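Enquirer: sequence? don't have it. structure:
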């Protein structure tokens, strides 16, 4: 990581977490961006996401624990996958010149601040190392964000924010951009749900879909993934399951 990138990253982290002196007791992600929710103290949240492309599968797993006072923390395994063409094989990338390096094992930390009864500010980061078999690729990977979420009526909300990451995580293209998402409640069990990450990097994409509440603790989601014009990934289908609100002990 260059000296300029280190300085910009430190400034970004400092700005985000300087807000965490406030306290707040408050689904974790939409498809690809944070939802603006916090896991309650002593509870766990688990999300498994599978992206299905024409010749490839790609998965993400997020395990989060509620720390209380508006904080949660967790572990993410991002970028596991496999090609299912005739030469079936696991997918990975150990060359930073060929896009983002994956899979990645990341620790996550998030803080939420209540601004009004309907407006919340979240600041968070995912940071860790890739699982490349090349030692020279063991650089620190990170993706950090600040997000404003606004509740609209009962069960609906919009979210907008900024993100900053490094090339090892995002691949070629911009390292800073915009996050936008929404959940719209259609009924007790059905929601429209979409999000968008701006930019020409490997994460830059929109997902348009919905969510169904199987029970109070289990949700399933699906959507159509539409990469931004300069993102090298193809279009695909996103499948997701969320398990939330369980006690750890």
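Expert: Okay, I see it. The model shown is predicted, which means the values in this text are computed figures rather than measured ones.

Enquirer: when you work out contacts or count neighbours from here on, use the C-alpha atoms and nothing else.
Expert: OK.

Enquirer: where are the low-confidence patches of the protein?
Expert: In the prediction, the chain carries residues with pLDDT under 70 at positions 1-27, 80-102, 132-138, 246, 248-249.

Enquirer: ranges for the strands of it?
Expert: Ranges of strands in the chain, per DSSP state E, are 43-52, 56-68, 71-83, 89-90, 104-114, 119-130, 140-152, 156-165, 176-185, 190-197, 205-213, 218-227, 236-247.

Enquirer: okay if I get these as JSON lines plus mean neighbour count?
Expert: Formatted as JSON lines, the strands of the chain follow (neighbours: other CA atoms under 10 Å):
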{"stretch": "strand 43-52", "mean neighbour count": "20"}
{"stretch": "strand 56-68", "mean neighbour count": "20"}
{"stretch": "strand 71-83", "mean neighbour count": "20"}
{"stretch": "strand 89-90", "mean neighbour count": "12"}
{"stretch": "strand 104-114", "mean neighbour count": "22"}
{"stretch": "strand 119-130", "mean neighbour count": "22"}
{"stretch": "strand 140-152", "mean neighbour count": "21"}
{"stretch": "strand 156-165", "mean neighbour count": "20"}
{"stretch": "strand 176-185", "mean neighbour count": "20"}
{"stretch": "strand 190-197", "mean neighbour count": "22"}
{"stretch": "strand 205-213", "mean neighbour count": "21"}
{"stretch": "strand 218-227", "mean neighbour count": "20"}
{"stretch": "strand 236-247", "mean neighbour count": "19"}
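
Enquirer: now distance to residue 29 too, for those, in CSV please.
Expert: Formatted as CSV, the strands of the chain follow (distance: least, CA to CA, whole Å):
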stretch, distance to residue 29
strand 43-52, 8
strand 56-68, 9
strand 71-83, 12
strand 89-90, 26
strand 104-114, 12
strand 119-130, 12
strand 140-152, 12
strand 156-165, 11
strand 176-185, 10
strand 190-197, 10
strand 205-213, 12
strand 218-227, 11
strand 236-247, 9
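
Enquirer: check contacts around the closest residue to residue 74 other than its chain neighbours.
Expert: Counting by CA to CA, 6 or more residues apart in numbering, residue 74 lies nearest to residue 64, which is 4.0 Å off, once chain neighbours are set aside. Contact analysis of residue 64 by CA atoms under 8 Å, 6 or more residues apart in numbering lists 39, 44, 45, 46, 72, 73, 74, 75.

Enquirer: and the closest residue to residue 192 other than its chain neighbours, how far from residue 173?
Expert: Nearest-residue entry for residue 192: residue 210, 4.3 Å, with adjacent residues in sequence omitted and distances by CA to CA, 6+ apart. Separation of residue 210 from residue 173 (CA to CA, to the nearest Å): 29 Å.

Enquirer: residue 71 now?
Expert: Counting by CA to CA, the gap from residue 71 to residue 173 is 31 Å.

Enquirer: same question for residue 48.
Expert: 27 Å.

Enquirer: ok, residue 223 next?
Expert: Distance, residue 223 to residue 173, using CA to CA: 25 Å.
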